[in-house]
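Enquirer: compute the structure for the input listed below.
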Amino acid sequence: MAQILVVDDDIETRQAVRSILKNSPYCDFPLWEAETAEKGLTLIKRKQPTLLLTDLSLPDMDGIEFGKKTLKNHPNIHVVVVTHLQMFRTVHDCINAGFSAYLLKPIVKDELLHIFKRLVTAQLLNQTPPILEKRERPSEEQLKVDLGNPIETAIEYIQLKYYEPIKLKQVADFVYLSPSYFSQVFKEETGMNFVEFLNTYRLGKSKHLLKMTSLPIDVIASQTGFSSPAYFSTTFKREEGQTPSEYRNMFSKLTK
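Expert: Down below sits the predicted model:
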């Protein structure tokens, strides 16, 4: 499911976005809010939103610099500017920064929903289900441990072997750290504990298959590393607010 973050110190703008989405096909999409760039960057790191709506005049950072910083670390996020400024130079700077859209305040419902349809649907349709690609067991070279960046190595390990049973101790041993210290550093650097991160990554892979294939739910659960279809469905509903089947049906409606 696409996830949305609004970063704006203007509460009326945040309320307007929430109100528009509440009565739209995107009403079930998770929506987060932040008043400052600092809080926004924290949420981006933890939630990995699909769309970022940001004002250009944030209290702690220039909005364009905030958008650039977001794209540098998370290039798949769509940055949408929401501002009172209607100057050619500003629009030009936003285009050069790689932003996806430019909206003027006050927000017009049809304009916002049009942008959402263009960006969200296009991204979902263009995502390729990697599970269906030929998959080989990672080589030792691919999993070479970088002792200077153990958490980056651990994340690569998860990305390569998420479809297998993975335990925290297994990964900690791989990067030559004690389980307790690995657990502490992993959360400090990712904003999530090990199990949360692993489940989030697996859920992301499962969403590809739910959207792009008609594979049965139990097959998708097995292919993405969940120990059972029941655990997959429980985890999916807890994180997404709907069952895998409901998610698949919602996406089908959005793309008709």
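Enquirer: show residues contacting stretch 90-105.
Expert: 10, 13, 53, 56, 64, 67-68, 71, 78-84, 86, 111-112, 115, 118-119 (C-beta atoms under 8 Å, 6 or more residues apart in numbering). Yep, even glycine has a C-beta here, placed from its N, CA and C like the rest.
Enquirer: distance between the ends of that stretch?
Expert: 15 Å (C-alpha to C-alpha, to the nearest Å).
Enquirer: mind listing what residue 206 touches?
Expert: Residue 206 touches 220, 221, 224, 226, 232, 236, 244, counting by C-beta under 8 Å, 6+ apart.
Enquirer: out of those residues, who has the most neighbours?
Expert: When neighbours are counted by other C-beta atoms under 10 Å, residue 236 leads these with 27 neighbours.
Enquirer: how far away is that residue from residue 200?
Expert: Computed with C-beta to C-beta, to the nearest Å, the distance linking residue 236 and residue 200 is 11 Å.
Enquirer: ok, now residue 43?
Expert: Taken as C-beta to C-beta, the span from residue 43 to residue 200 is 14 Å.
Enquirer: same drill for the two, tell me which one is more crowded.
Expert: Under the neighbour definition other C-beta under 10 Å, residue 43 and residue 200 were set side by side, and residue 43 has more, 19 against 16.
Enquirer: hang on, that one packs against residue 6?
Expert: No - using C-beta atoms under 8 Å, residue 43 is not in contact with residue 6, being 10.0 Å away.
Enquirer: which neighbours do the two share?
Expert: With C-beta under 8 Å, 6+ apart, residue 43 and residue 6 have common neighbours 32, 34.
Enquirer: the domain parsing of this structure - what is it?
Expert: Domain ranges of the chain: 4-126, 131-254, per automatic domain parsing.
Enquirer: and the shortest one, how far out from the chain's middle?
Expert: Relative to the chain's own centre, domain 4-126 is displaced by 14 Å; criterion: C-alpha atoms, centre = their mean, to the nearest Å.
Enquirer: then the last one?
Expert: A distance of 13 Å separates the centroid of the chain from that of domain 131-254, by C-alpha atoms, centre = their mean.
Enquirer: tell me the backbone dihedrals of residue 87, please.
Expert: Per-residue torsions, residue 87: phi -120, psi 140 (degrees, to the nearest 10).
Enquirer: cool, and residue 31?
Expert: phi -130, psi 130.
Enquirer: and it, how many neighbours?
Expert: For residue 31, the neighbour count with other C-beta under 10 Å is 19.
Enquirer: tell me what it is bridged to.
Expert: residue 4 (DSSP bridges).
Enquirer: any idea how far it is from residue 184?
Expert: 31 Å.
Enquirer: ok, residues contacting stretch 164-174?
Expert: 143, 145, 153-154, 157-158, 178-179, 181-183, 194-195, 198, 225, 227.
Enquirer: circling back to that earlier point, return the subset of the contacts of stretch 90-105 lying in helices.
Expert: Among the contacts of stretch 90-105, the members found in helices (DSSP state H) are 13, 64, 67, 68, 71, 111, 112, 115.
Enquirer: of those, which pair is most distant in space?
Expert: 68 and 111 (23.7 Å; C-beta to C-beta).
Enquirer: higher neighbour count, those two?
Expert: More neighbours surround residue 68 than the other of residue 68 and residue 111, with 16 against 13 (other C-beta under 10 Å).
Enquirer: which stretches of the chain have low pLDDT?
Expert: Scanning the chain for pLDDT under 70 picks out the ranges 1, 121-142, 251-256.
Enquirer: ranges for the helices of it?
Expert: Listed from the start of the chain, the chain has helices (DSSP H) covering 11-22, 37-47, 63-73, 88-96, 109-116, 122-126, 150-161, 168-174, 179-190, 194-212, 217-223, 229-240, 244-254.
Enquirer: so which of these comes closest to residue 2?
Expert: So among the helices of the chain, helix 122-126 is nearest, using C-beta to C-beta, at 7.0 Å.
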